[in-house]
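> What follows is a protein structure lacking sequence information:
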């Protein structure tokens, strides 16, 4: 069975702190795709990153970085020097190569306080 | 590019009425669109896959007679919640799929999400 677990329900940090959002996934497929989305209070999903299962290179984009570890089935997301505008719910998602269905984790609500 | 709109953005209706939600791909064509439902403080759950010109495919546990999906063109899919009840109150989000192909070989699949529709049934 395929599953995405985001164990952190809510995280609260003070502005400028670094924060890491955890994502653990389960799948028996060898080819799959992992995603992170941001959902601000407005509700619209904002795509952040997509990663293929055969590409374990870590990714950095500005203050955002992602650590993909197949050995531990994890795809963690770090925000460096957090800002109030980073406050949102962040979803990790999984898609198998055999299906277009996106399986979302339960989300982590991040609150960045000034 | 790749903008998806939803209309209305929010709707309040009385119990027993039907509500139609539109999902449009504004600058591209989408053979396939997806409908998700998100209850407050919960995750997104796929309800159904909408295919242009054919019947929608519903996920297990989703009543197809209650959630009618029509994908009449390559840029429009509609979700109609029939005889809505308070438990149907939720945030409904659609996504439109774009396939990058080389001949019959699919190179990449991307889903672009709409802004969502908040439904409140009184």
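Sure, I can see it. Note that the coordinates shown come from a computational prediction; the quantities given were computed from them, not determined experimentally.
> if I look at the residue nearest to the spatial centre of chain B, how far off is residue A:110?
Against the mean C-alpha coordinate of chain B, by CA atoms, centre = their mean, the closest residue is residue B:35 at 3.0 Å. Residue B:35 sits 27 Å away from residue A:110, going by CB to CB, to the nearest Å. Every residue, glycine included, has its C-beta placed from N, CA and C.
> Count the residues that sit near residue B:79.
25 (other CB atoms under 10 Å in any protein chain shown).
> Near chain B, which residues of chain A are found?
Residues of chain A lying near chain B by CB under 8 Å from any CB of the partner chain: A:37, A:42-45, A:47, A:50, A:91, A:95, A:100-102, A:104-107, A:109.
> now with 10 Å?
Listed as neighbours of chain B in chain A under the rule CB under 10 Å from any CB of the partner chain: A:4, A:6, A:9-10, A:33, A:35, A:37, A:39, A:42-47, A:50, A:52, A:89, A:91-93, A:95, A:97, A:99-107, A:109.
> which residue sits closest to the residue nearest to the centre of chain B, ignoring its sequence neighbours?
The spatial neighbour of residue B:35 that comes closest, neighbours along the chain excluded (CB to CB, 6 or more residues apart in numbering or on different chains), is residue B:47 at 4.6 Å.
> Let me know how buried that neighbour is, in neighbour terms.
Residues lying near residue B:47 (other CB under 10 Å) number 24.
> I'd guessed it sits against residue B:56; true?
Yes. Contact criterion CB atoms under 10 Å: residue B:47 and residue B:56 qualify, at 9.1 Å.
> one step back: tell me the secondary structure for the residue nearest to residue B:35?
Put simply, residue B:47 is strand when judged by DSSP: H, G, I helix; E, B strand; the rest coil.
> For it, list the residues it contacts.
Taking CB atoms under 10 Å, 6 or more residues apart in numbering or on different chains, we find residue B:47 in contact with B:34-37, B:56, B:58-59, B:61-64, B:67, B:69, B:79, B:90, B:92-94.
> what lines up beside the strand ranked longest in chain B in the sheet?
Determined from DSSP state E, the single longest strand within chain B is strand B:90-102. Strand B:90-102 has the following strand partners under DSSP bridges: strand B:32-38 (antiparallel), strand B:105-113 (antiparallel), strand B:117-121 (antiparallel).
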